[in-house]
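Participant: Compute the structure for the input listed below.
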Amino acid sequence: MNLTDLARVHDDDLGGDPAGQASGAGARALLASIMSEPPGQKGRPRAKRLRVPVPWLASAVGLAAAATLVIALVTAPDGQIPNLSQTTASPEIQPSARQILLAAASAAMKAPSSGAYWRTVTISGMDATSPDRGYIIRRRFSKEQWLARRPGGQSWWIDQYLGAKPLTDEDKAAWRKAGSPTRWKYPLDMTGLEGVNSSEVVRAAAEEKVATRLRGKWKGSAGTLSKVSITWDEVRRIPSGERELRAYLEQRITARAKGDYGSDPEWRRSALQGSCMEIVFHLPVSSAVRAAAYRILATIPGMTALGRVKDPLGRTGEALGYRVNGGEGEGGNQIVEVIDPETGLPLSESSTGTIELADGRTAKITSFAAYQQIGWTDEEPSLPAKRM
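Facilitator: Numbering: from 1, shown residues only. As a prediction, the model looks like this:
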(Lines give C-alpha, C1' and ligand atoms only; values in the text may rest on other atoms or scores of the structure.)
Protein backbone atom coordinates (compact mmCIF):
# COMPACT_ATOMS: atom_id res chain seq x y z
CA MET A 1 0.00 0.00 0.00
CA ASN A 2 1.41 3.43 -0.94
CA LEU A 3 0.97 6.63 1.05
CA THR A 4 -1.90 7.80 -1.13
CA ASP A 5 -3.83 4.59 -0.40
CA LEU A 6 -3.00 4.88 3.28
CA ALA A 7 -4.17 8.46 3.53
CA ARG A 8 -7.52 7.34 2.07
CA VAL A 9 -8.09 4.56 4.62
CA HIS A 10 -9.69 6.82 7.21
CA ASP A 11 -12.58 7.49 4.84
CA ASP A 12 -13.18 3.84 4.02
CA ASP A 13 -15.77 1.67 5.74
CA LEU A 14 -13.88 -1.01 7.67
CA GLY A 15 -16.88 -3.30 7.35
CA GLY A 16 -17.80 -5.75 10.07
CA ASP A 17 -15.28 -4.79 12.74
CA PRO A 18 -16.97 -4.48 16.14
CA ALA A 19 -16.81 -0.99 17.59
CA GLY A 20 -13.76 -0.52 19.74
CA GLN A 21 -12.33 -3.98 19.10
CA ALA A 22 -8.58 -3.88 19.48
CA SER A 23 -7.76 -6.39 16.78
CA GLY A 24 -10.37 -5.77 14.05
CA ALA A 25 -9.61 -7.13 10.60
CA GLY A 26 -9.47 -3.66 9.06
CA ALA A 27 -6.93 -2.39 11.57
CA ARG A 28 -4.87 -5.55 11.30
CA ALA A 29 -4.84 -5.32 7.50
CA LEU A 30 -3.86 -1.67 7.66
CA LEU A 31 -0.99 -2.29 10.07
CA ALA A 32 0.20 -5.31 8.10
CA SER A 33 0.26 -3.18 4.98
CA ILE A 34 2.16 -0.24 6.41
CA MET A 35 4.59 -2.52 8.24
CA SER A 36 5.43 -4.23 4.96
CA GLU A 37 6.15 -0.95 3.17
CA PRO A 38 9.64 0.42 3.90
CA PRO A 39 9.21 4.13 4.63
CA GLY A 40 11.01 6.53 2.35
CA GLN A 41 13.12 9.48 3.26
CA LYS A 42 10.16 11.82 2.97
CA GLY A 43 8.11 9.75 5.41
CA ARG A 44 10.54 10.27 8.28
CA PRO A 45 11.04 13.97 8.89
CA ARG A 46 13.80 15.13 11.15
CA ALA A 47 12.88 16.74 14.43
CA LYS A 48 12.39 20.48 14.25
CA ARG A 49 13.14 23.01 16.92
CA LEU A 50 10.18 24.00 19.09
CA ARG A 51 10.59 27.06 21.23
CA VAL A 52 7.98 26.54 23.89
CA PRO A 53 7.35 23.85 26.54
CA VAL A 54 4.40 21.49 26.31
CA PRO A 55 1.95 22.48 29.08
CA TRP A 56 -0.56 19.79 28.00
CA LEU A 57 2.01 17.16 28.96
CA ALA A 58 2.54 18.62 32.41
CA SER A 59 -1.23 18.72 32.77
CA ALA A 60 -1.44 15.02 31.94
CA VAL A 61 1.01 14.14 34.67
CA GLY A 62 -0.97 16.32 37.03
CA LEU A 63 2.06 18.02 38.58
CA ALA A 64 3.22 21.60 38.78
CA ALA A 65 6.48 21.22 36.85
CA ALA A 66 6.23 21.59 33.08
CA ALA A 67 9.20 19.36 32.21
CA THR A 68 7.02 17.07 31.69
CA LEU A 69 -2.25 7.29 24.16
CA VAL A 70 -8.15 1.39 26.47
CA ILE A 71 -11.12 0.65 27.56
CA ALA A 72 -9.74 -2.45 29.35
CA LEU A 73 -7.56 -2.12 32.44
CA VAL A 74 -3.91 -2.98 31.97
CA THR A 75 -1.55 -3.35 34.93
CA ALA A 76 2.12 -4.15 35.28
CA PRO A 77 3.23 -7.04 37.53
CA ASP A 78 3.10 -6.03 41.21
CA GLY A 79 2.11 -2.53 40.17
CA GLN A 80 5.72 -1.64 39.36
CA ILE A 81 6.56 0.82 36.64
CA PRO A 82 9.35 -0.38 34.33
CA ASN A 83 12.25 2.03 33.92
CA LEU A 84 11.88 4.04 30.73
CA SER A 85 15.59 3.51 30.08
CA GLN A 86 14.79 -0.17 29.50
CA THR A 87 12.68 0.76 26.46
CA THR A 88 14.20 -0.57 23.26
CA ALA A 89 13.10 -0.33 19.65
CA SER A 90 12.42 -3.35 17.49
CA PRO A 91 14.94 -4.04 14.72
CA GLU A 92 12.06 -4.54 12.24
CA ILE A 93 11.42 -2.02 9.49
CA GLN A 94 9.06 0.55 10.94
CA PRO A 95 6.43 2.79 9.32
CA SER A 96 6.81 6.55 9.21
CA ALA A 97 5.22 8.92 11.73
CA ARG A 98 2.62 9.93 9.12
CA GLN A 99 1.70 6.29 8.47
CA ILE A 100 1.35 5.54 12.17
CA LEU A 101 -0.87 8.58 12.78
CA LEU A 102 -3.11 7.80 9.81
CA ALA A 103 -3.46 4.20 10.95
CA ALA A 104 -4.41 5.43 14.43
CA ALA A 105 -6.98 7.79 12.87
CA SER A 106 -8.61 4.90 11.00
CA ALA A 107 -8.79 2.75 14.13
CA ALA A 108 -10.01 5.62 16.32
CA MET A 109 -13.13 5.93 14.18
CA LYS A 110 -14.37 2.61 15.63
CA ALA A 111 -14.16 3.62 19.30
CA PRO A 112 -17.36 4.09 21.38
CA SER A 113 -18.53 7.69 21.76
CA SER A 114 -21.04 7.44 24.64
CA GLY A 115 -21.26 6.61 28.33
CA ALA A 116 -22.14 8.11 31.71
CA TYR A 117 -18.54 9.09 32.50
CA TRP A 118 -15.41 9.90 30.61
CA ARG A 119 -12.86 7.92 32.64
CA THR A 120 -9.10 8.30 32.53
CA VAL A 121 -6.78 6.28 34.77
CA THR A 122 -3.18 7.42 34.71
CA ILE A 123 0.03 6.19 36.33
CA SER A 124 2.58 8.98 36.22
CA GLY A 125 6.14 9.40 37.32
CA MET A 126 8.49 12.30 37.85
CA ASP A 127 12.21 12.08 38.45
CA ALA A 128 14.01 14.47 40.78
CA THR A 129 17.55 15.01 41.95
CA SER A 130 18.23 14.32 45.62
CA PRO A 131 18.83 17.47 47.71
CA ASP A 132 22.60 16.82 47.63
CA ARG A 133 22.48 16.20 43.85
CA GLY A 134 23.99 12.77 44.48
CA TYR A 135 21.37 10.59 42.75
CA ILE A 136 17.96 10.50 41.04
CA ILE A 137 14.68 9.75 42.81
CA ARG A 138 11.53 8.65 40.97
CA ARG A 139 8.17 9.63 42.44
CA ARG A 140 5.03 7.83 41.18
CA PHE A 141 1.38 8.86 41.26
CA SER A 142 -2.01 7.38 40.35
CA LYS A 143 -4.91 9.52 39.17
CA GLU A 144 -8.45 8.54 38.20
CA GLN A 145 -10.57 11.16 36.49
CA TRP A 146 -14.33 10.57 36.32
CA LEU A 147 -16.05 13.33 34.34
CA ALA A 148 -19.86 13.09 34.51
CA ARG A 149 -21.52 13.62 31.14
CA ARG A 150 -24.98 14.39 32.56
CA PRO A 151 -25.51 18.09 33.33
CA GLY A 152 -25.30 18.55 37.07
CA GLY A 153 -23.66 15.15 37.57
CA GLN A 154 -20.83 14.90 40.08
CA SER A 155 -17.33 14.52 38.66
CA TRP A 156 -14.39 13.19 40.68
CA TRP A 157 -10.63 12.96 40.85
CA ILE A 158 -9.18 10.04 42.81
CA ASP A 159 -5.49 10.55 43.57
CA GLN A 160 -2.86 8.41 45.26
CA TYR A 161 0.81 9.03 45.91
CA LEU A 162 2.59 5.74 45.19
CA GLY A 163 5.90 6.53 46.85
CA ALA A 164 9.45 7.37 45.82
CA LYS A 165 12.75 5.51 45.53
CA PRO A 166 16.16 5.77 43.81
CA LEU A 167 15.86 5.14 40.09
CA THR A 168 18.81 3.02 38.91
CA ASP A 169 21.26 0.62 40.59
CA GLU A 170 23.83 3.41 40.56
CA ASP A 171 21.33 5.72 42.22
CA LYS A 172 20.56 3.06 44.84
CA ALA A 173 24.25 2.74 45.68
CA ALA A 174 24.55 6.51 46.14
CA TRP A 175 21.35 6.52 48.22
CA ARG A 176 22.72 3.83 50.54
CA LYS A 177 25.97 5.75 50.87
CA ALA A 178 23.90 8.76 51.97
CA GLY A 179 22.30 6.72 54.76
CA SER A 180 19.24 5.32 52.95
CA PRO A 181 16.94 8.24 53.77
CA THR A 182 13.16 7.78 53.62
CA ARG A 183 12.40 11.48 53.22
CA TRP A 184 14.08 14.30 51.35
CA LYS A 185 13.77 17.97 52.40
CA TYR A 186 14.59 20.44 49.64
CA PRO A 187 16.16 23.85 50.15
CA LEU A 188 14.75 27.24 49.33
CA ASP A 189 17.52 27.74 46.78
CA MET A 190 16.89 25.17 44.05
CA THR A 191 19.98 25.93 41.96
CA GLY A 192 21.10 22.74 40.21
CA LEU A 193 18.04 20.77 41.36
CA GLU A 194 15.21 19.49 39.16
CA GLY A 195 11.82 17.83 39.47
CA VAL A 196 10.69 19.27 42.82
CA ASN A 197 9.54 22.56 44.29
CA SER A 198 11.41 24.84 46.63
CA SER A 199 11.18 23.69 50.30
CA GLU A 200 9.27 20.56 49.31
CA VAL A 201 9.46 17.38 51.41
CA VAL A 202 9.44 14.13 49.40
CA ARG A 203 8.61 10.91 51.27
CA ALA A 204 9.43 7.33 50.28
CA ALA A 205 6.22 5.81 51.68
CA ALA A 206 3.02 5.56 49.64
CA GLU A 207 -0.13 7.31 50.86
CA GLU A 208 -3.84 6.42 50.85
CA LYS A 209 -6.22 7.32 48.04
CA VAL A 210 -8.07 10.62 48.22
CA ALA A 211 -11.24 11.49 46.28
CA THR A 212 -11.89 15.11 45.36
CA ARG A 213 -15.21 16.51 44.19
CA LEU A 214 -14.77 18.78 41.20
CA ARG A 215 -15.95 22.21 42.23
CA GLY A 216 -15.70 25.78 41.07
CA LYS A 217 -14.34 26.21 37.57
CA TRP A 218 -13.82 22.44 37.29
CA LYS A 219 -17.49 21.60 37.92
CA GLY A 220 -19.11 20.93 34.56
CA SER A 221 -15.79 21.24 32.77
CA ALA A 222 -14.79 18.65 30.18
CA GLY A 223 -11.11 19.59 30.37
CA THR A 224 -8.94 22.13 28.61
CA LEU A 225 -8.22 22.85 24.96
CA SER A 226 -5.51 25.24 23.83
CA LYS A 227 -4.85 25.86 27.55
CA VAL A 228 -8.40 27.20 28.06
CA SER A 229 -11.14 25.40 30.04
CA ILE A 230 -13.86 23.94 27.81
CA THR A 231 -17.43 22.93 28.69
CA TRP A 232 -19.32 19.81 27.61
CA ASP A 233 -21.48 21.89 25.28
CA GLU A 234 -18.36 23.30 23.65
CA VAL A 235 -16.87 19.81 23.28
CA ARG A 236 -20.03 18.63 21.49
CA ARG A 237 -19.66 21.51 19.03
CA ILE A 238 -16.04 20.75 18.07
CA PRO A 239 -16.06 20.05 14.32
CA SER A 240 -15.08 16.58 13.14
CA GLY A 241 -13.86 17.43 9.65
CA GLU A 242 -10.12 17.79 9.32
CA ARG A 243 -10.18 21.23 7.67
CA GLU A 244 -12.92 22.51 9.97
CA LEU A 245 -11.11 21.26 13.07
CA ARG A 246 -7.86 22.88 12.00
CA ALA A 247 -9.61 26.22 11.46
CA TYR A 248 -11.38 25.91 14.83
CA LEU A 249 -8.13 25.19 16.68
CA GLU A 250 -6.24 27.95 14.92
CA GLN A 251 -8.96 30.40 15.96
CA ARG A 252 -8.58 29.35 19.62
CA ILE A 253 -4.81 29.62 19.34
CA THR A 254 -5.05 33.13 17.90
CA ALA A 255 -7.38 34.17 20.73
CA ARG A 256 -4.77 33.30 23.37
CA ALA A 257 -1.68 34.47 21.48
CA LYS A 258 0.29 37.20 23.24
CA GLY A 259 2.89 39.59 21.93
CA ASP A 260 4.94 38.39 18.99
CA TYR A 261 4.00 34.74 19.50
CA GLY A 262 0.87 35.08 17.38
CA SER A 263 2.88 35.87 14.26
CA ASP A 264 5.56 33.22 14.87
CA PRO A 265 4.77 30.26 12.55
CA GLU A 266 6.89 27.91 14.66
CA TRP A 267 5.01 28.84 17.83
CA ARG A 268 1.67 28.43 16.04
CA ARG A 269 2.72 25.02 14.71
CA SER A 270 3.71 23.92 18.19
CA ALA A 271 0.44 25.25 19.62
CA LEU A 272 -1.59 23.39 16.96
CA GLN A 273 0.32 20.21 17.71
CA GLY A 274 -0.31 20.65 21.44
CA SER A 275 -4.03 21.24 20.92
CA CYS A 276 -4.32 18.07 18.82
CA MET A 277 -2.50 16.17 21.56
CA GLU A 278 -4.99 17.49 24.12
CA ILE A 279 -7.83 16.09 21.98
CA VAL A 280 -6.15 12.71 21.44
CA PHE A 281 -5.05 12.20 25.04
CA HIS A 282 -7.51 13.99 27.25
CA LEU A 283 -10.80 15.33 25.89
CA PRO A 284 -14.11 13.36 25.81
CA VAL A 285 -14.64 14.07 22.12
CA SER A 286 -16.35 11.87 19.56
CA SER A 287 -14.35 9.21 17.74
CA ALA A 288 -14.59 11.31 14.54
CA VAL A 289 -13.03 14.35 16.24
CA ARG A 290 -10.21 12.27 17.69
CA ALA A 291 -9.54 10.76 14.24
CA ALA A 292 -9.45 14.25 12.71
CA ALA A 293 -6.90 15.35 15.32
CA TYR A 294 -4.71 12.38 14.37
CA ARG A 295 -4.96 13.36 10.71
CA ILE A 296 -3.91 16.93 11.45
CA LEU A 297 -0.93 15.64 13.44
CA ALA A 298 0.04 13.57 10.39
CA THR A 299 0.48 16.82 8.45
CA ILE A 300 2.65 18.62 11.03
CA PRO A 301 6.40 18.25 10.47
CA GLY A 302 8.77 17.54 13.34
CA MET A 303 7.62 14.11 14.54
CA THR A 304 9.89 11.14 13.95
CA ALA A 305 8.92 7.47 14.17
CA LEU A 306 11.14 5.82 16.81
CA GLY A 307 9.97 2.25 16.25
CA ARG A 308 8.12 -0.28 18.41
CA VAL A 309 8.87 0.24 22.09
CA LYS A 310 7.71 -0.77 25.56
CA ASP A 311 5.82 1.95 27.38
CA PRO A 312 6.22 2.54 31.16
CA LEU A 313 3.61 -0.18 31.85
CA GLY A 314 5.38 -2.70 29.63
CA ARG A 315 2.89 -2.49 26.74
CA THR A 316 4.12 -2.45 23.13
CA GLY A 317 3.27 0.45 20.86
CA GLU A 318 4.64 2.74 18.19
CA ALA A 319 6.73 5.64 19.49
CA LEU A 320 6.77 9.12 18.00
CA GLY A 321 9.38 11.60 19.17
CA TYR A 322 10.24 15.26 18.88
CA ARG A 323 12.23 17.84 20.84
CA VAL A 324 11.29 21.02 22.65
CA ASN A 325 13.51 23.77 24.06
CA GLY A 326 16.28 22.89 21.63
CA GLY A 327 16.57 21.26 18.23
CA GLU A 328 18.03 17.89 17.39
CA GLY A 329 21.58 17.68 18.69
CA GLU A 330 21.13 20.87 20.73
CA GLY A 331 19.88 19.48 24.02
CA GLY A 332 16.39 20.27 25.24
CA ASN A 333 13.75 17.73 26.21
CA GLN A 334 12.92 14.66 24.15
CA ILE A 335 9.14 14.17 24.03
CA VAL A 336 7.98 10.64 23.23
CA GLU A 337 4.38 9.64 22.52
CA VAL A 338 3.52 5.92 22.40
CA ILE A 339 0.30 4.92 20.64
CA ASP A 340 -1.38 1.69 19.62
CA PRO A 341 -2.22 2.24 15.93
CA GLU A 342 -4.40 -0.91 15.89
CA THR A 343 -6.85 0.68 18.36
CA GLY A 344 -6.10 4.37 17.90
CA LEU A 345 -5.59 4.62 21.67
CA PRO A 346 -2.78 6.49 23.39
CA LEU A 347 -0.56 4.46 25.70
CA SER A 348 1.86 6.97 27.19
CA GLU A 349 3.68 10.25 26.86
CA SER A 350 7.00 11.23 28.37
CA SER A 351 9.58 14.00 28.49
CA THR A 352 13.26 13.33 29.07
CA GLY A 353 16.13 15.72 29.68
CA THR A 354 19.60 15.45 31.21
CA ILE A 355 21.26 16.93 34.29
CA GLU A 356 24.73 16.84 35.78
CA LEU A 357 24.99 15.48 39.32
CA ALA A 358 27.41 16.62 42.00
CA ASP A 359 29.99 13.95 41.10
CA GLY A 360 29.97 14.98 37.43
CA ARG A 361 27.80 12.07 36.33
CA THR A 362 25.25 12.92 33.63
CA ALA A 363 21.82 11.50 34.45
CA LYS A 364 18.47 11.41 32.67
CA ILE A 365 15.46 13.14 34.21
CA THR A 366 12.13 11.75 32.97
CA SER A 367 8.49 12.61 33.53
CA PHE A 368 5.83 10.28 32.11
CA ALA A 369 2.11 9.59 32.07
CA ALA A 370 0.93 6.05 31.18
CA TYR A 371 -2.77 5.59 30.49
CA GLN A 372 -4.27 2.44 31.98
CA GLN A 373 -7.77 3.44 30.88
CA ILE A 374 -9.15 6.03 28.50
CA GLY A 375 -12.74 6.04 27.31
CA TRP A 376 -16.44 6.04 28.10
CA THR A 377 -17.98 3.91 30.83
CA ASP A 378 -21.34 3.43 32.53
CA GLU A 379 -19.64 2.22 35.70
CA GLU A 380 -19.69 4.31 38.86
CA PRO A 381 -16.45 5.38 40.55
CA SER A 382 -15.32 3.34 43.56
CA LEU A 383 -14.69 6.13 46.04
CA PRO A 384 -12.19 5.76 48.90
CA ALA A 385 -13.03 6.69 52.48
CA LYS A 386 -10.96 9.85 52.39
CA ARG A 387 -12.77 12.55 50.46
CA MET A 388 -12.45 16.26 49.95
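
Participant: When you work out contacts or count neighbours from here on, use the C-alpha atoms and nothing else.
Facilitator: Will do.

Participant: excluding its backbone neighbours, what's nearest Lys143?
Facilitator: Asp159 (4.6 Å; Cα to Cα, 6 or more residues apart in numbering).

Participant: and Arg138, what is it in contact with?
Facilitator: Contacts for Arg138 (Cα atoms under 8 Å, 6 or more residues apart in numbering) come out as 125-128, 164-167.

Participant: Now do Asn2, the pLDDT please.
Facilitator: At Asn2, the pLDDT value in this model is 37.

Participant: Quick check: mean pLDDT of stretch 333-349?
Facilitator: 90.

Participant: rewinding a little: on the strand side of things, show who the residue nearest to Lys143 bridges to.
Facilitator: Lys143, Val210 (DSSP bridges).

Participant: and the gap between Arg243 and Ala292?
Facilitator: 9 Å (Cα to Cα, to the nearest Å).

Participant: likewise Ile137?
Facilitator: Distance, Ile137 to Ala292, by Cα to Cα: 39 Å.

Participant: and Arg100, that one's in a strand?
Facilitator: Check again: residue 100 is Ile, not Arg. No. Counting by DSSP: H, G, I helix; E, B strand; the rest coil, Ile100 is not found in a strand; it is helix.

Participant: And Ile137 and Ala292? Which one has more around it.
Facilitator: Ranked by neighbour count (other Cα atoms under 10 Å), Ile137 and Ala292 place Ala292 first, with 28 against 24.

Participant: Any idea what Arg308 is bridged to?
Facilitator: Applying DSSP bridges to Arg308 gives these bridge partners: Glu318.

Participant: Could you give the number of residues near it?
Facilitator: Count around Arg308 with other Cα under 10 Å applied: 23.

Participant: Just confirm it contacts Gly321, I think it does.
Facilitator: No. If you go by Cα atoms under 8 Å, Arg308 and Gly321 don't touch, sitting 12.0 Å apart.

Participant: Am I right that Glu244 falls within a strand?
Facilitator: No. Secondary structure assignment places Glu244 outside any strand; it is helix (three-state DSSP).

Participant: Now do it, the pLDDT please.
Facilitator: 97.

Participant: again, but for Gly327
Facilitator: At Gly327, pLDDT is 46.

Participant: what stretches of the stretch 51-200 of the chain score poorly on pLDDT?
Facilitator: Along the stretch 51-200 of the chain, segments meeting pLDDT under 70 span 51-92.

Participant: need the strands for it, in chain order.
Facilitator: Secondary structure of the stretch 51-200 of the chain (DSSP state E, counting those that start in this stretch): strands located at 117-129, 136-148, 156-166, 183-185.

Participant: contact partners of the third one?
Facilitator: What it means is strand 156-166. Contacts for strand 156-166 (Cα under 8 Å, 6+ apart): 135-147, 172, 175, 202-214, 383.

Participant: Which among those residues count as buried?
Facilitator: Among these, those buried by neighbour count (16 or more other Cα atoms under 10 Å) are 135-147, 172, 175, 202-204, 209-212, 214.

Participant: ok now do the nearest residue to Ser367 once chain neighbours are set aside, which residues does it touch?
Facilitator: Closest residue to Ser367 apart from its sequence neighbours, by Cα to Cα, 6+ apart: Met126 at 4.3 Å. Met126 makes contact with 68, 138-140, 195, 365-368, according to Cα under 8 Å, 6+ apart.

Participant: Could I get the buried residue list for stretch 213-233?
Facilitator: For stretch 213-233, by 16+ other Cα under 10 Å, it's 214, 218-227, 230-232.

Participant: how about those, which pair is most distant?
Facilitator: The largest separation in these, counting by Cα to Cα, is between Leu214 and Ser226 at 20.7 Å.

Participant: in this structure, which helix has the most residues?
Facilitator: helix 265-281 (DSSP state H).

Participant: Following element in sequence after it, please.
Facilitator: Remark: after helix 265-281, the chain's next helix or strand is helix 287-297, criterion DSSP states H and E.

Participant: how far off helix 265-281 does that following helix point, in degrees?
Facilitator: Per axes from the mean of the first three to the mean of the last three Cα atoms, to 10 degrees, the angle that helix 287-297 makes with helix 265-281 is 150 degrees.

Participant: ok, the residue most central in space within the chain to Ile158 distance?
Facilitator: The structure's the chain has its C-alpha centroid closest to Glu349; by Cα atoms, centre = their mean the separation is 3.3 Å. Distance of Glu349 to Ile158, given as Cα to Cα: 20 Å.

Participant: Going by neighbour count, which residues of the longest strand along the chain are buried?
Facilitator: Using DSSP state E to define each element, the chain has its longest strand at strand 362-377. Using 16+ other Cα under 10 Å as the test for burial, strand 362-377 gives 365-377.

Participant: same question, stretch 334-354
Facilitator: Counting neighbours by 16+ other Cα under 10 Å, the buried set in stretch 334-354 is 334-353.
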